[in-house]
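**Student:** I'd like to go over a predicted model; first the sequence, then the structure.
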Amino acid sequence: QRRLYRRSFSAPSVAYVLVSMIASRSRGASSAILEATGRRRALSRSSKAIDNTGAAVGRDGSFRRAHGNFGRRRAFVGSHSLLKEGDPRSLRTTAFRTSFLSSSVAQRLRGGDGGSPCSRNNSTSNDEADERSPRRRAYLAVGSNLGDRYRNIADALEALEANSNGAVRVIRTSYLRVTSPMYVTDQPPFLNGAVEIETTLTPSELLRAIKDAERDRGRDVGPNSAAVRFGPRPVDLDILLFDGYDVTDPDGTAAETLGDNERTPCSLVMRTDELEIPHPRMAEREFVLSPMRDLERASDGAITHPESNKTMSELLGSLMRSHTSNHTIADEGGGGGDAAARALPLPRGRMLLFDRTLVMGILNVTPDSFSDGGRYSDSAEAAAAQARRLIEHGADVVDVGGESTRPGAEETGIPLELGRVVPVIERIRREDSEVAISVDTRHSEVARAAVEAGADMVNDVSGGTHDPDMLPTVARLGVPMVIMHMRGNPKTMQSLTNYENDDDGAGGGVLVEAVARELVRRSAAAEAAGVPRWLQVVDPGIGFAKDVDGNLALLNGADALRRRCGDLPILFGPSRKGFIGKVAGEADPEERDWGTAAACLACLRDDRNGRDDGEACTMFRVHNVKAVK
């Protein structure tokens, strides 16, 4: 509230929007939008709206020098299978490779079939399995607090796979979090996560392979290491859990028995001079348990600690209740607090932190967009000036689009779209080397050219369905992707708004379930193509193949949508959309900013009633950044 009062809204109007949204918990988002807009009309014209003008602010920096050759990054690759039709938790990704590999190698390595990480006899090797060394699942903690932290983690996982000659494969990833260090606190913040792997190596062999991968990334390892225990490190990979057998030898291998000796999930307990499994300190580390809970939720079964017999969710809940965790959010761009902050990695070591709600500013460089078409399409200079205003008003991301996707719009040719967006992105990047830039496109060729010009992420309204090359292209680029829900295309989508036959139930719940289910499938397809979950954002597609009731159902069901999508970061884009105009009786899109603010607030409602069962990572895509901030 204090932030909003400091903005150019008058205090009464801000309070009214907030009170309207609080009241809307019982009346729904529609009445809140209507009341907020009605209050706006009662104000004087001089205070009814916040304009998009402001002093131009730019920061010097050279994209070519700072951005380097990130556009030539190589691909995450993988494959998936659908185990249980209609169950989003059953969209399994297997043979998931976190390597940044050349496209020829990526094509060769695609493939595999899925299985539960916590079910018996679920080997998923594409090769003929060696009965003496079947593939087992293991879980690794990954972290870095020196240099380009994300790059260090990704490259170490690539080295682990490449050096093992197929004996190690990364199946899936958690989300990433920025945390302050434990034990030795006078050091930089860490980027932490966890990965699920499949391996034919014994635990001791895997440990040696991990040490080799860490050494490749510059870590001082070995018996004569001079590194400070728990001190700074370019990369850190730790074995947390490992599949065992009914009867296990001391080295973690299967014992010879007279009968069957079945593999059992996450059950190995071993202690040698060089290795302890399960990891002896995992239960005291939030930066380990939170990513492990991510992996648990992505599976179709619990991941259970073999000694405490508690799931990862139970261990994390116990830790959070005990208040014994002594690490805090890293102070990066306004961090601070008692818990880790989810992070979305960007090129050149930068990242977006979800320690608060993020705002993406819309920059349409089209002549026919529904709200601001033609205003910034005449020149790259005019577009860059608007980008500067968006940044000044607090935009965390500038989203540049060169194709209108309003209802009924015709498809824009790729050469024309390239000519619109690339010069603008280059101009913005020359003026500001740090701001996050997104390209709003359905075409892989445009996405590739935009990233090479300086864009940091790809925002595809088709969720990768329009262009079959989009997902593998984004994987090769190695940048985050916004995966939006949409049916049909801009010309046909408004005839595809009936979701009643998609699921059992009634009312808006049907639509929320259907949208969540389709987003989970698109997320799995992206992961299979090589875009890992820690580089994904999903968007329910407000205004795309939804009618007024459908859009309001998404606002009221935002929290349920988060849970159904496994707490993936969600981008909501209600800005100035037609359903706000219909609810509020406002024909002019630029007069819908009050309704937009109310719609955004509706998406932030938390229906979990204090339950610690997830993290709400939210981003809003809006025209009027200053108003929503």
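**Tutor:** Okay, I see it. Numbers count the residues shown, from 1 in each chain.
**Student:** Return the longest helix seen in the chain as CSV; C-alpha atoms alone will do.
**Tutor:** If you go by DSSP state H, the chain has its longest helix at helix 508-529. What follows is helix 508-529 as a C-alpha-only set of coordinates in CSV (Å, rounded to 0.1, in the frame of the first residue of the first chain):
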residue,chain,number,x,y,z
GLY,A,508,-15.1,-21.7,-14.3
GLY,A,509,-13.4,-24.7,-12.6
VAL,A,510,-13.7,-26.6,-15.9
LEU,A,511,-11.7,-23.9,-17.8
VAL,A,512,-9.0,-23.6,-15.1
GLU,A,513,-8.5,-27.3,-15.1
ALA,A,514,-8.4,-27.5,-18.9
VAL,A,515,-6.0,-24.6,-19.2
ALA,A,516,-3.7,-26.0,-16.5
ARG,A,517,-3.7,-29.4,-18.1
GLU,A,518,-2.8,-28.0,-21.5
LEU,A,519,-0.1,-25.8,-19.9
VAL,A,520,1.5,-28.8,-18.2
ARG,A,521,1.6,-30.7,-21.5
ARG,A,522,3.2,-27.8,-23.2
SER,A,523,5.7,-27.5,-20.4
ALA,A,524,6.5,-31.2,-20.7
ALA,A,525,6.9,-30.7,-24.5
ALA,A,526,9.3,-27.8,-23.9
GLU,A,527,11.3,-29.9,-21.4
ALA,A,528,11.4,-32.8,-23.8
ALA,A,529,12.8,-30.4,-26.5
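**Student:** Show me what secondary structure element comes after that helix.
**Tutor:** Sequence order places strand 536-539 as the next helix or strand after helix 508-529, per DSSP states H and E.
**Student:** what's the next secondary structure element after that following strand?
**Tutor:** Per DSSP H and E, the first helix or strand lying C-terminal to strand 536-539 is helix 548-556.
**Student:** Let me know the average pLDDT across the helix or strand Arg427 falls within.
**Tutor:** According to DSSP H and E, Arg427 maps onto helix 414-431. Taken as a whole, helix 414-431 carries a mean pLDDT of 95.
**Student:** One more: stretch 448-467?
**Tutor:** Averaged over stretch 448-467, pLDDT sits at 96.
**Student:** How about exporting that stretch as CSV, limited to the C-alpha atoms?
**Tutor:** C-alpha atoms of stretch 448-467 as CSV (Å, rounded to 0.1, in the frame of the first residue of the first chain):
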residue,chain,number,x,y,z
ARG,A,448,16.8,-16.6,-32.9
ALA,A,449,17.5,-13.2,-34.5
ALA,A,450,16.1,-11.3,-31.5
VAL,A,451,18.3,-13.2,-29.0
GLU,A,452,21.3,-12.6,-31.3
ALA,A,453,20.4,-8.9,-31.3
GLY,A,454,20.2,-8.7,-27.5
ALA,A,455,16.9,-10.3,-26.3
ASP,A,456,17.1,-12.4,-23.1
MET,A,457,13.9,-14.5,-23.3
VAL,A,458,11.2,-15.6,-25.8
ASN,A,459,7.5,-15.0,-25.2
ASP,A,460,5.5,-17.3,-27.5
VAL,A,461,1.7,-16.8,-27.4
SER,A,462,1.2,-20.2,-29.1
GLY,A,463,3.3,-22.1,-26.5
GLY,A,464,5.5,-23.5,-29.2
THR,A,465,2.6,-24.9,-31.3
HIS,A,466,2.7,-22.5,-34.2
ASP,A,467,6.2,-23.1,-35.4
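**Student:** so where's the stretch 151-300 of the chain shaky on pLDDT?
**Tutor:** In the predicted model, the stretch 151-300 of the chain carries pLDDT under 70 at residues 222-228, 257-261.
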